[in-house]
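K.L.:
Model the following, please.
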Amino acid sequence: MKTLLIWTLGLTVTFSGFMAAVYLNKDKLYPPATRSGPDRFDPRWARQDSLTRAKIDSLKFVISELLGQLQKLVETTKALEDSLWVREEENEHLATTIAGLETTVDSLSHTIETIKSTQVKVQDLTKTLGAMKVDVLRPIMANLSDEVIQILYDKAKSKDKRKIFSALPPERASRILKHLTRNLNES
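P.N.:
This is a model prediction of the structure:
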């Protein structure tokens, strides 16, 4: 982008310098009419006139070429500015999306930490329940829901799993066991 801008400025300065040189040397390019009057013909001036016209035509061609290049550079600059504007909008949209994703990641990280903390608490609880005798454990298990017992069963060690089922009435242990096997079949 900077290179294009430098080229555009360079061509503009070159063109301006060229036009200034033409303006400052106009007396040499267009000699005053008093040197060769209409009543007498001087072939030197006629030759110089044709050379001057050739130079002017050549300069016109060069100027038109430079103007064409300048116009192309202006169009390219405009297209690049439009592209840059679109990119800036895309970057703003991406920044918003990234901010939303960062918020989601933070929320998920908090949820994961909560789950980990809960798992540690459940494991501690299963250890505590596993350390109890079946007679003490039985009234506690009677007050817990089937879902809580299933969670405790999943996290308990093998010997503690036997204690959990030993502390339950046979019908309830059977119902929970069927539910656990159904979950295993579905996974």
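
K.L.:
Show me the shaky parts of this structure.
P.N.:
Scanning the chain for pLDDT under 70 picks out the ranges 1, 26-49, 187.

K.L.:
Residue ranges of each domain in it, please.
P.N.:
Split into domains by automatic domain parsing, the chain comes to 1-112, 132-187.

K.L.:
Centre of the chain to the last one, how far?
P.N.:
The chain centroid and the centroid of domain 132-187 are separated by 52 Å, computed with CA atoms, centre = their mean, to the nearest Å.

K.L.:
Show me where this protein has its helices.
P.N.:
For the chain, applying DSSP state H gives helices covering 2-24, 26-29, 43-131, 134-142, 146-155, 158-166, 170-186.

K.L.:
Make TSV from these and add mean neighbour count to it.
P.N.:
Glycine gets a C-beta too; all of them are placed from N, C-alpha and C. Listed next are the helices of the chain as TSV, based on neighbours: other CB atoms under 10 Å:
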stretch	mean neighbour count
helix 2-24	12
helix 26-29	10
helix 43-131	11
helix 134-142	13
helix 146-155	15
helix 158-166	15
helix 170-186	11
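
K.L.:
before we move on, back to that, adding distance to residue 120, write the domains of the chain out as TSV.
P.N.:
Below are those laid out as TSV (distance: least, CB to CB, whole Å):
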stretch	distance to residue 120
domain 1-112	13
domain 132-187	10
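
K.L.:
out of the ones you listed, nearest to residue 119?
P.N.:
Counting by CB to CB, residue 119 lies closest to domain 132-187 out of the domains of the chain; the figure is 7.4 Å.

K.L.:
Tell me which residue lies nearest the centroid of the protein.
P.N.:
Centroid-nearest residue in the chain: residue 94, 4.3 Å away (criterion: CA atoms, centre = their mean).

K.L.:
how near is it to residue 101?
P.N.:
The spacing between residue 94 and residue 101, counted by CB to CB, to the nearest Å, is 10 Å.

K.L.:
Next: residue 62.
P.N.:
From residue 62 to residue 101 the distance is 57 Å (CB to CB).

K.L.:
Same question for residue 57.
P.N.:
65 Å.

K.L.:
And residue 122, by the same measure?
P.N.:
Remark: distance between residue 122 and residue 101 (CB to CB) = 31 Å.
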